[in-house]
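Chemist: How does the following fold in three dimensions:
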Amino acid sequence: MTKVRTRFAPSPTGYMHVGNLRTALYTYLIAKHDGGDFILRIEDTDQERFVEGALDIIYHTLEITGLKHDEGPDIGGPVGPYIQSQRTDIYLEYAKELIDKGEAYYCFCTKERMDSLKNKYDEEKEFYKYDKHCLKLSKEEIKEKLASNIPYVIRQNNPESGFTTFHDEIYGDISVDNSELDDMILIKSDGYPTYNFANVVDDHLMGITHVVRGSEYLSSAPKYNRLYDAFGWEVPVYIHCPPIMKDAHQKLSKRNGDASFQDLIEKGYLKEAVLNYIALLGWNPGNEKEIFDLDELVELFNYKNINKSPAIFDNVKLKWMNGEYIKKLPLEEFNKLALPYYKNVISKDLDFLKISELLRIRVEVLSEIPELLDFFNELPEYSTEIYIHKKMKTNLENSLLTLEKILPKFKELSPWTLENVEKCCMDLISELKVKNGIVLWPVRIALSGKKSTPGGAFEIADIIGKDESLKRIEYGIKKLKLESGDN
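Modeler: Predicted coordinates:
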């Protein structure tokens, strides 16, 4: 049995988009599920789109997500080089082989002629394709033009009748009328190959058995197959993945402001959660389980379970999944990840580990942290209306009474611990013969200035300490008295 060899072949044109990462993940999973090789190849033949630093982003993303490649530009391998711009002589050699076979030809058409041809097709509202003008050139004419250094491209010579059929593992057998196939350019005028030609040559020379790419490349597959047939090479297994959509009508796109992998990490998503979520964009394991680590995905992944239907990128679902991953983090690890967010909003010397204990089970995305704990640093300005709570049965009058009663008890409290603060509050509840909320809600509001907080009155008082707690209770009393007109 032939060893499975897959490749991830990104272009270094910027950030790692979610679609790129899903392709990398599926490619990796297909190889590793069968004990095969996962290869990284850089397709940089479009030099105009090259972005400085993009190669480092590719390496870094694969490294931190655990998608470790077996061969690639940075680690080498038996079928290198693994950067296409370093393989230009190889492509020209194979393009000339196709010319000798009559499967390709030199095209010397000027830009002006090509523009005129396109305009003609536009005016007649017809499907544009090259008219094979240069296929009619004699060997002598070609030789003369080459000797005169007239710029040229090399085009594929596709038939104009019959059908080309190919098989895709997701979409099945697809047939295309050859009259619809354009004679695509194989070698550009700058000597670089086109993406379409280079990836066919490289996939063959690198022994790639399974090709994973987006469904937008389905229309190019017949032209790839004709190249394989022209060379007499075996066609790899095609796996075209459905598009990832922003909604029912728009594809997910960085151009539209949609998040890249780097954006998601910077927003406070965990890499493991993002990878897990992306795995489920178009694939399902055949059961109800949704949380998988990378090893589990390797074991379970079957590309035949990839769906044809477009996958919707659901931010709510991703947030939920990220929250599940955060909950599973060891406390110390969560605290380490949260520390930069704490330090952005808290200048006081507080016990961050205690804050982490409260936040870990409440946070879905790390970037939510600042707005959840800014009150620890400084009491925000708040309206006395938040003391009124229908369910807790609190109003301005009984809230004022609670704070006035709890203040002297807090002043006498020693040592100041969570347990002692809790006992103090519960004793007051017994003393006043009221429901818990009558006491705990006003104390929590006075300490935080917020309706919603991670942790209740006891935890907040414990973290901010005795002096700050007394100061905030006194301020609450003052606000409530001003509201009631009692100075």
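
Chemist: host element of residue 212?
Modeler: Element membership for residue 212, per DSSP states H and E: strand 210-214.

Chemist: cool, residue 28 as well?
Modeler: With DSSP H and E as the test, residue 28 turns up in helix 18-33.

Chemist: Show me the contact partners of the strand holding residue 212.
Modeler: Contacting residues not belonging to strand 210-214 are listed as 4-7, 19, 23, 26-27, 30-31, 203, 236-241, 243, 303 [CB atoms under 8 Å, 6 or more residues apart in numbering]. Just so you know, the C-beta spots here come from the backbone N, C-alpha and C atoms, and that holds for glycine as well.

Chemist: For residue 263, which non-adjacent residue is closest in space?
Modeler: Spatially, and ignoring its direct neighbours in sequence, residue 263 is nearest to residue 15 (7.4 Å; CB to CB, 6 or more residues apart in numbering).

Chemist: Next: residue 441.
Modeler: Spatial nearest neighbour of residue 441, excluding adjacent residues (CB to CB, 6+ apart): residue 392 at 4.3 Å.

Chemist: next one: residue 307
Modeler: Of all residues not flanking residue 307 in the chain, residue 282 sits nearest, at 5.4 Å (CB to CB, 6+ apart).

Chemist: For residue 356, see how far away the one you found is.
Modeler: Using CB to CB, to the nearest Å, one gets 35 Å for the distance from residue 282 to residue 356.

Chemist: where in the chain is pLDDT low?
Modeler: Across the chain, the ranges flagged by pLDDT under 70 are 254-258, 485-487.

Chemist: what's the domain layout of it?
Modeler: Domain segmentation of the chain under automatic domain parsing yields 87-241, 256-328, 329-376, 379-487.

Chemist: roughly how far out does the first one sit from the chain middle?
Modeler: So the one you mean is domain 87-241. Mean C-alpha position of domain 87-241 versus that of the full chain (CA atoms, centre = their mean, to the nearest Å) differs by 32 Å.

Chemist: And stretch 284-292, by the same measure?
Modeler: With CA atoms, centre = their mean, you get 19 Å for stretch 284-292.

Chemist: Then stretch 418-425?
Modeler: 45 Å.

Chemist: Okay, buried residues for the top helix by length along the chain please.
Modeler: Counting residues, the longest helix found in the chain (DSSP state H) is helix 466-484. The neighbour-count check on helix 466-484 (16 or more other CB atoms under 10 Å) flags 466, 468-470, 472-473, 476-477, 479-481 as buried.

Chemist: do stretch 162-178 as well
Modeler: Neighbour counts over stretch 162-178 (16+ other CB under 10 Å) mark 164, 166, 168, 170-171, 174, 176 as buried.

Chemist: ditto for stretch 174-190
Modeler: So for stretch 174-190, counting by 16+ other CB under 10 Å, buried means 174, 176, 181, 183-188.

Chemist: and of the residues you listed, the nearest to residue 446?
Modeler: residue 174 (68.6 Å; CB to CB).

Chemist: thinking again about what came up before, buried residues, the helix or strand just after the strand holding residue 212. List them.
Modeler: Later in the chain than strand 210-214, the nearest helix or strand by DSSP H and E is helix 221-231. For helix 221-231, burial by neighbour count (16+ other CB under 10 Å) applies to 221-228, 230-231.

Chemist: same deal with stretch 423-443?
Modeler: 424-425, 428-429, 434, 438-443.

Chemist: can I get those residues in JSON lines with distance to residue 329 and secondary structure?
Modeler: Output for those, formatted as JSON lines (distance: CB to CB, whole Å; DSSP: H, G, I helix; E, B strand; the rest coil):
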{"residue": "424", "distance to residue 329": "33", "secondary structure": "helix"}
{"residue": "425", "distance to residue 329": "31", "secondary structure": "helix"}
{"residue": "428", "distance to residue 329": "36", "secondary structure": "helix"}
{"residue": "429", "distance to residue 329": "35", "secondary structure": "helix"}
{"residue": "434", "distance to residue 329": "39", "secondary structure": "coil"}
{"residue": "438", "distance to residue 329": "36", "secondary structure": "helix"}
{"residue": "439", "distance to residue 329": "34", "secondary structure": "helix"}
{"residue": "440", "distance to residue 329": "29", "secondary structure": "helix"}
{"residue": "441", "distance to residue 329": "31", "secondary structure": "helix"}
{"residue": "442", "distance to residue 329": "34", "secondary structure": "helix"}
{"residue": "443", "distance to residue 329": "30", "secondary structure": "helix"}
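
Chemist: Helices along the stretch 101-250 of the chain, start to end?
Modeler: Using DSSP state H, counting those that start in this stretch, the helices of the stretch 101-250 of the chain run over 111-123, 139-147, 195-205, 221-231.

Chemist: Kindly export the second one (C-alpha atoms) in CSV.
Modeler: By that I understand helix 139-147. In CSV, the C-alpha atoms belonging to helix 139-147 read as follows (Å, rounded to 0.1, in the frame of the first residue of the first chain):
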residue,chain,number,x,y,z
LYS,A,139,8.1,26.2,-35.9
GLU,A,140,10.1,28.8,-37.9
GLU,A,141,8.0,31.7,-36.6
ILE,A,142,8.4,30.4,-33.1
LYS,A,143,12.1,30.0,-33.5
GLU,A,144,12.4,33.5,-34.9
LYS,A,145,10.4,35.1,-32.1
LEU,A,146,12.4,33.3,-29.4
ALA,A,147,15.6,34.4,-31.0
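
Chemist: what's in contact with that helix?
Modeler: Here helix 139-147 makes contact (CB under 8 Å, 6+ apart) with 106, 108, 137, 152.

Chemist: wait, which of the residues you listed is closest to residue 63?
Modeler: The closest of those to residue 63 turns out to be residue 152 (CB to CB; 41.6 Å).

Chemist: burial measure for the closest one, as a count.
Modeler: By other CB atoms under 10 Å, 18 other residues sit near residue 152.

Chemist: That one is in contact with residue 108, isn't it?
Modeler: Yes - with contact defined as CB atoms under 8 Å, residue 152 counts as touching residue 108 (4.9 Å).

Chemist: How about the contacts made by residue 109?
Modeler: Residue 109 sits in contact with 117, 133-134, where contact means CB under 8 Å, 6+ apart.
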